[in-house]
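Participant: predicted structure and sequence below. I'll ask about it afterward.
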Amino acid sequence: MVQAYIKGDDSAIENLINRHRSKVYTYILLTIKNQPLAEDLFQETFIKVIQSLRAGKYRDNGRFLSWVIRIAHNLIIDHFRKEKQMNSVPNDDSEVDLFNSKKLSDDNIEELIVNNQIKTEIRTLINELPDDQKEVVLLRHYGELSFKEIADQTDVSINTALGRMRYALINLRKLIKEKDLSLTVY
């Protein structure tokens with residue numbers, strides 16, 4: 001698809017975006033926790049992808065998704081740097097209103113509330129991890145990248161990526177025990 005777009009097939013970029021939309025958007029959203037901003041950064045990511053492809057800055061080595069995630073990651077970092085310079089505080093209250101969803105009409109509301117609470121607690125715990133561990137958890141579990149892709153994305157060895165995940169899991173278990181949390185549905 002990438003080569004087709006580079007050779008002039010404009011419909012190929014739409015196929016690439018659709019193929020990778022979920023993983024890229026999920027990575028952005030889970031990193032910044034702000035849906036409107038995530039949508040903007042997602043669009044900026046693919047604008048940058050298109051510009052880079054047109055400028056011949058992509059080397060086709062079978063790692064297109066990793067390359068796109070790296071672009072998204074850099075745009076997120078740029079956003080936080082600008083935000084820090086402006087002394088603004090991020091809005092973490094971007095949770096979707098559970099009671100205004102069509103999905104609730106057929107599901108058990110109690111289970112949805114418990115599941116949402118568990119997800120919120122897990123996100124909070126992940127945010128307490130050191131940045132390198134948090135990044136590996138987000139890329140692996142939310143971005144669904146392999147450890148090889150994570151290693152390429154973060155410019156570390158596979159063993160380092162695995163080690164960071166191991167320490168992240170150890171730290172998450174400690175945090176769960178310290179906070180006496182129960183992260184199961186009854």
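Facilitator: Good, I have the coordinates.
Participant: going forward, measure contacts and count neighbours with C-alpha atoms only.
Facilitator: Will do.
Participant: low-confidence stretches in this protein?
Facilitator: Counting by pLDDT under 70, the chain has low-confidence residues at 6, 60, 85-112, 183-186.
Participant: what ranges does it have for its helices?
Facilitator: With helices called from DSSP state H, the chain shows them at 2-6, 11-32, 35-54, 64-85, 109-127, 131-137, 147-154, 158-178.
Participant: export the ones you listed to TSV and append columns for mean neighbour count.
Facilitator: Converted to TSV, these look like this (neighbours: other C-alpha atoms under 10 Å):
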stretch	mean neighbour count
helix 2-6	15
helix 11-32	17
helix 35-54	16
helix 64-85	17
helix 109-127	14
helix 131-137	20
helix 147-154	20
helix 158-178	16
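Participant: domain ranges for the protein?
Facilitator: Annotated domains of the chain cover 2-85, 98-178 [automatic domain parsing].
Participant: which residues touch the residue most central in space within the chain?
Facilitator: With distances taken as C-alpha atoms, centre = their mean, residue 27 lies nearest the centre of the chain, 1.2 Å away. Each residue near residue 27 by C-alpha atoms under 8 Å, 6 or more residues apart in numbering is listed here: 69, 138-139, 142-143.
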